[in-house]
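> Based on what follows, work out the 3D shape:
(one chain, ligands or ions: 2)
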Amino acid sequence: MTAKTFKGGVHPPERKDATKDLPVVRVLPSSRTVWIPVTQGGAPNAPIVKIGDVVARGQRIAESDAFMSAPVHASVSGTVKKIETHLVTGNVDALCVAIEDDGSGTTLFMDPLDPFTCTPETALERIRSAGLVGMGGAAFPTHVKLSPPKGMKIEYLIANGAECEPYLTIDERTMAEHAAKIVDGVAICMRITGATEGIIALEDNKAYLVPILEKAIAAQRAIPVGAGAFAISVVLCKTRYPQGGEKMLIKAVVNREVPSGGLPAAAGCVVQNVGTLKAISEAFREGKPLIDRGLTLSGGACAEPKNVEVPIGTLVGDLIPEVISLNPGVCKIVSGGPMMGIAMKSASFPVQKNTSGVLFLTSRETALVEESPCIGCGRCITICSCRLAPVLIARAIKADDLEEATRNGLMDCVECGTCAYVCPAHVKLVQHFRIGKHMVRTKATAKAAAEAKKQAAKAASEGAR
Ligand code: SF4
Ligand code: SF4
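Numbering: from 1, shown residues only. Ligands and ions are numbered 1, 2, ... in the order given. Here you go, the predicted structure:
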């Protein structure tokens with residue numbers, strides 16, 4: 001099998017050896033309390049429970065009518081103790097529902113549903129009801145991803161098992177331990193979208209998983225109805241960061257380009273993380289909403305790195321020291337991988353639907369170097385897999401010229417961090433891009449609000465005549 005790839009990117013030290021062979025173990029927070037953010041991807045939800053309510057595991061606790069939203073469910077059975085803001089990934093405070101586990105394990109799941117006999121609309125509704133969002137990082141509501149705009153034909157359903165971030169091994173373990181569920185999830189998504197080809201894509205540092213996945217595909221194919229009726233194969237990609245980015249994966253696997261500002265659907269593709277595909281299968285076969293999350297706990301300051309599964313809402317701090325034993329010298333706590341993750345100010349933040357790992361890094365593993373002036377070496381331009389000119393975008397943002405930054409592709413940047421990784425001047429490129437994007441969006445929102453106000457005033461004055 002020849003490994004496919006894309007142009008650009010880097011190969012940082014993988015640092016996956018500490019956990020890649022370790023099975024995922026189920027652990028619980030020492031406080032027996034979970035803090036579940038009411039919104040975890042998509043449009044904002046509102047709580048539908050109140051303090052003192054007794055809830056079951058799997059019971060819906062927050063929702064919204066907006067199509068772009070995904071409901072949130074209780075991950076433990078117990079009593080709602082608080083509904084208040086708490087620190088979450090991103091170092092912001094967000095509204096959370098705190099539930100104290102009563103240990104009863106009472107569940108309130110949906111009834112199982114056959115994804116191959118129900119209508120695609122019913123299947124999409126099931127995915128939404130289960131609160132499914134992309135577990136690979138973006139937390140985009142899954143039912144929205146599986147509903148491409150009218151006129152866009154989906155040909156390929158790509159399962160993203162690249163897991164290109166250093167340290168992280170939870171997708172790898174999910175493929176090793178739950179291959180059948182992933183294949184089932186691929187087939188379900190193919191039926192919903194009408195995709196004719198399903199491809200499970202992984203980097204060649206995980207080539208040993210190919211026979212495991214192919215065995216699961218063959219087992220499905222042996223029963224040529226339901227999931228067995230769908231054409232699914234495995235493709236190896238070169239180990240290269242950011243291979244797991246949607247645009248890079250599509251380019252490597254089917255050699256198509258996602259247009260600037262466009263969706264993967266514009267290239268005839270839908271990409272789903274392998275963890276999400278497992279959760280899709282469970283939402284149908286077991287009626288289980290997205291309430292548990294596997295993640296990697298690693299980093300040089302982590303005495304015993306491991307892969308764990310926790311109820312969503314578990315505070316990372318509530319795993320220390322019982323589950324996470326730390327060596328002296330923790331320099332940085334990162335939610336996610338070292339390239340795209342967020343450095344957190346404390347460990348007291350909850351695991352969310354898209355938390356793929358938490359890293360405890362030492363000073364030797366972190367680049368806490370001050371930014372110095374750009375030396376114009378052009379390395380960032382050579383390396384960017386989105387074919388942008390990071391140095392020019394950053395220069396425009398610094399000059400407060402958002403139009404120029406946008407012209408240079410600011411909004412096409414996927415914030416992979418590759419340019420910052422190679423920059424010899426340690427220019428904090430991604431930080432500049434995040435600030436720039438925020439400013440562009442704020443400006444667009446203000447402009448839309450001013451336009452709406454103008455239209456309303458015009459309509460009122462015409463009505464008064
Ligand atoms: S400009 Fe954006 S997409 Fe390109 S390498 Fe930098 S962070 Fe990645
Ligand atoms: S890599 Fe850094 S120093 Fe080189 S051109 Fe880009 S921003 Fe400037």
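> What's the separation between the residue of the stretch 51-200 of the chain found nearest ligand 1 and residue 237?
Going by CB to the nearest ligand atom, ligand 1 is nearest to residue 164 of the stretch 51-200 of the chain, at 12.3 Å. Quick note: C-beta positions are derived from backbone N, CA and C, even for glycine. Separation of residue 164 from residue 237 (CB to CB, to the nearest Å): 9 Å.
> repeat for residue 372
Counting by CB to CB, the gap from residue 372 to residue 237 is 35 Å.
> Show me which residues of the stretch 301-450 of the chain are close to ligand 1?
For the stretch 301-450 of the chain, the residues found near ligand 1 under the criterion CB under 6 Å from any ligand atom are 384, 386, 388, 390, 413-419, 429-430.
> can you rerun that using 5 Å?
Within the stretch 301-450 of the chain, the positions adjacent to ligand 1 are 384, 386, 388, 390, 413, 414, 416, 418, 419 by CB under 5 Å from any ligand atom.
> which element is the residue lying closest to residue 205 once chain neighbours are set aside on?
Spatial nearest neighbour of residue 205, excluding adjacent residues (CB to CB, 6 or more residues apart in numbering): residue 239 at 4.4 Å. In this assignment (DSSP states H and E), residue 239 forms part of neither any helix nor any strand.
> How about residue 84?
Residue 84 belongs to strand 78-88, assigned by DSSP H and E.
> related to what we said a few turns ago, who has more neighbours out of residue 372 and residue 237?
For residue 372 and residue 237, the more surrounded residue by other CB atoms under 10 Å is residue 237, and the numbers stand at 24 against 11.
> Quick check: the more buried one touching residue 2?
No: at 10.2 Å, residue 237 does not count as touching residue 2 under the criterion of CB atoms under 8 Å.
> what does this protein put close to ligand 2?
Near ligand 2, when you scan the chain using CB under 5 Å from any ligand atom, you find 374, 375, 377, 379, 380, 391, 423, 425, 427.
> Going by distance to residue 262, which of those residues wins?
Closest to residue 262 out of the residues of the chain next to ligand 2 is residue 380 (23.6 Å), distances taken as CB to CB.
> Let me know the secondary structure of the residue lying closest to residue 353 once chain neighbours are set aside.
In space, and not counting its chain neighbours, residue 353 is closest to residue 40: 4.6 Å by CB to CB, 6+ apart. Recorded secondary structure, residue 40: coil (DSSP: H, G, I helix; E, B strand; the rest coil).
> The most centrally placed residue in the chain: what's it in contact with?
Computing the C-alpha centroid of the chain and ranking residues by CA atoms, centre = their mean puts residue 137 first, at 1.9 Å. By CB atoms under 8 Å, 6 or more residues apart in numbering, the contact list for residue 137 reads 273, 336, 340, 354, 356.
> Flag every buried residue along the worst-scoring helix or strand of the chain on mean pLDDT.
Ranked by mean pLDDT, DSSP states H and E, the helix or strand of the chain with the weakest confidence is helix 429-464, at a mean of 88. For helix 429-464, burial by neighbour count (16 or more other CB atoms under 10 Å) applies to 429, 430, 432, 433, 436, 437, 440.
> Against residue 408, how distant is the nearest residue to the last one once chain neighbours are set aside?
For residue 440, ignoring the flanking residues on the chain, the nearest one in space by CB to CB, 6+ apart is residue 402 at 5.5 Å. When distance is defined by CB to CB, residue 402 is 11 Å away from residue 408.
> Between those two, which contacts overlap?
What both residue 402 and residue 408 touch, as defined by CB under 8 Å, 6+ apart, is the set residue 396.
> neighbour count winner among the two?
Neighbours were counted for residue 402 and for residue 408 using other CB under 10 Å; residue 408 has more, 20 against 16.
> what's near enough to touch the more buried one?
388, 389, 392, 393, 396.
> Good, wrapping up.
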